[in-house]
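1. Any chance you can model this:
(chains A and B)
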Amino acid sequence: DQQVKQNSPSLSVQEGRISILNCDYTNSMFDYFLWYKKYPAEGPTFLISISSIKDKNEDGRFTVFLNKSAKHLSLHIVPSQPGDSAVYFCAATYTGANSKLTFGKGITLSVRP
Amino acid sequence: DAGVIQSPRHEVTEMGQEVTLRCKPISGHNSLFWYRQTMMRGLELLIYFNNNVPIDDSGMPEDRFSAKMPNASFSTLKIQPSEPRDSAVYFCASTLAGGGWWQFFGPGTRLTVL
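-> Okay, the predicted model is just below:
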């Protein structure tokens, strides 16, 4: 049973446009959420995170939005660049989880030049 | 400053053979995680350790899989006997428990079982 769901396996956008990557979760205990980025032949790297006490966190071109009532979060990349082409994993955890993260299946983003 | 180190990077073996994957976490980190990535299931947590002690191995698929952490700087994941369905990329990650939620991943081991 997937507690973190990334229902769209892939997304293709034009360079300069906005990329919106979605993630849904089912476990109400989750109170901290992370996005990881993964290039081929490399391990995932941390990108941005958000606590459940916030509904938005911004870091440069990357913004994560959290809608707790809908159990939904999204990652916005503006403007998208070809170097953003990668697999993006959504992850969730909760206080007391002993640092354990639950990951989604990932979304492959392709940014067309 | 070295990150998480995994070896080998690639492993090709035949069904029935024993496979051992190795991981060296970032120095000072006290939590270590083993993940498996497949197209069908994404990133699955197999097992994790805190202070060298296994905390949760509920993700280990079956008894053919075992993991050890004999000291703070080394861990192994062993598959015996290996099967073709074990083919995947295996990642090791480490973090400092209580130091933040983000984990640092190694480059992974791509395992192919023929």
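2. Which residue comes closest to the residue nearest to the spatial centre of chain B once chain neighbours are left out?
-> A centroid search over chain B (Cα atoms, centre = their mean) returns B:W34, at 3.1 Å, as the residue closest to the centre. Closest residue to B:W34 apart from its sequence neighbours, by Cβ to Cβ, 6 or more residues apart in numbering or on different chains: B:L46 at 4.4 Å. Heads up, the C-betas are built off the backbone N, CA and C, glycines and all.
3. Please write out the alpha-carbon positions of the strand or helix carrying that neighbour in CSV.
-> If you go by DSSP states H and E, B:L46 is part of strand B:42-50. C-alpha atoms of strand B:42-50 as CSV (Å, rounded to 0.1, in the frame of the first residue of the first chain):
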residue,chain,number,x,y,z
GLY,B,42,10.2,3.1,-7.0
LEU,B,43,12.4,3.5,-3.9
GLU,B,44,11.7,0.9,-1.3
LEU,B,45,13.3,1.0,2.1
LEU,B,46,14.7,-2.5,2.9
ILE,B,47,16.2,-2.0,6.3
TYR,B,48,17.7,0.7,8.5
PHE,B,49,20.1,0.9,11.4
ASN,B,50,20.5,3.4,14.2
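4. Sheet partners, orientation included, of that strand?
-> Strand B:42-50 has its sheet partners listed here by DSSP bridges as strand B:31-38 (antiparallel), strand B:53-56 (antiparallel).
5. and of the ones you listed, who's closest to A:N27?
-> Closest of the strands paired with strand B:42-50 to A:N27 is strand B:53-56, at 15.3 Å (criterion: Cβ to Cβ).
6. need the next SSE after that closest one, C-terminal direction.
-> Note on strand B:53-56: by DSSP H and E, the next helix or strand toward the C-terminus is strand B:65-71.
7. Against which helices or strands is that following strand packed?
-> The elements that strand B:65-71 packs onto, with contact taken as 3 or more Cβ pairs under 8 Å, 6 or more residues apart in numbering or on different chains; DSSP states H and E, are strand B:42-50, strand B:53-56, strand B:74-79.
8. if we can go back for a sec, thought the residue nearest to B:W34 was touching B:D56?
-> No. With contacts counted by Cβ atoms under 8 Å, B:L46 stays clear of B:D56, the gap being 9.6 Å.
9. More neighbours: those two, which one.
-> More crowded of B:L46 and B:D56, by other Cβ atoms under 10 Å in any protein chain shown: B:L46, with 20 against 16.
10. how near is that one to A:K56?
-> Counting by Cβ to Cβ, to the nearest Å, the gap from B:L46 to A:K56 is 34 Å.
11. circling back: what angle do the strand holding B:L46 and strand B:65-71 make?
-> 40 degrees (axes from the mean of the first three to the mean of the last three Cα atoms, to 10 degrees).
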